[in-house]
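Asks: generate coordinates for the sequence data below:
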Amino acid sequence: MAGLQELRFPEEKPLLRGQDATELESSDAFLLAADTDWKEHDIETPYGLLHVVIRGSPKGNRPAILTYHDVGLNHKLCFNTFFNFEDMQEITKHFVVCHVDAPGQQVGASQFPQGYQFPSMEQLAAMLPSVVQHFGFKYVIG
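Replies: I've put the predicted structure just below:
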């Protein structure tokens, strides 16, 4: 923890826009539109491939928002509702968002081969620097 430091970023505009419910888009149309600008990557790490889904590109010295889903889920099941919430759109338009799926947990993943040894929690964590390096992130919010 000694190497961590707090960064403060000036707010460019208010995060909440004060819209009433009649102004909000239908959630189905909104979710479909939000899914179109994500790019998928498979990144080689010391413990195997990681599936990563990213939207946006680094902006100045702002950190990337890096997520890692909970056990038994993937990024869509764990974070879609949160990141597709209307109020989050103002935040995510100012940051690159990077979702990491554990090996074999992404949508459409094939079954593990016979005898596959799933990485330990320590190995899963040790895969993340490869993601940070691959995209050249200087800072991340996890």
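Asks: drop to CA atoms for contacts and neighbour counts, all remaining ones
Replies: OK.
Asks: which residues in this structure form strands?
Replies: Using DSSP state E, the strands found in the chain span residues 39-45, 48-55, 64-68, 97-101, 140-141.
Asks: so which of those strands gets nearest residue 113?
Replies: For the strands of the chain, distance to residue 113 was read as CA to CA. The smallest value, 13.4 Å, belongs to strand 48-55.
Asks: what does that closest one rub up against?
Replies: Identification of contacts with strand 48-55 by CA atoms under 8 Å, 6 or more residues apart in numbering yields 37-44, 96-103, 106, 127.
Asks: what pairs with it, and is each one parallel or antiparallel?
Replies: Paired with strand 48-55 in the same sheet, following DSSP bridges, are strand 39-45 (antiparallel), strand 97-101 (antiparallel).
Asks: buried residues, it. List them.
Replies: Within strand 48-55, the residues that qualify as buried are 49-55, counting by 16 or more other CA atoms under 10 Å.
Asks: convert the C-alpha atoms of it to CSV, please.
Replies: The C-alpha trace of strand 48-55 is given here as CSV (Å, rounded to 0.1, in the frame of the first residue of the first chain):
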residue,chain,number,x,y,z
GLY,A,48,-2.8,-18.1,-19.7
LEU,A,49,-5.2,-16.0,-21.7
LEU,A,50,-7.5,-13.3,-20.2
HIS,A,51,-10.5,-12.1,-22.1
VAL,A,52,-10.8,-8.3,-21.8
VAL,A,53,-13.5,-6.0,-23.0
ILE,A,54,-12.7,-2.3,-23.2
ARG,A,55,-14.5,0.9,-24.1
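Asks: how far away from the center of its chain is that strand?
Replies: Relative to the mean C-alpha coordinate of its chain, strand 48-55 is positioned 9 Å out (CA atoms, centre = their mean, to the nearest Å).
Asks: same question, stretch 134-142
Replies: How far stretch 134-142 lies from its chain's middle: 11 Å, per CA atoms, centre = their mean.
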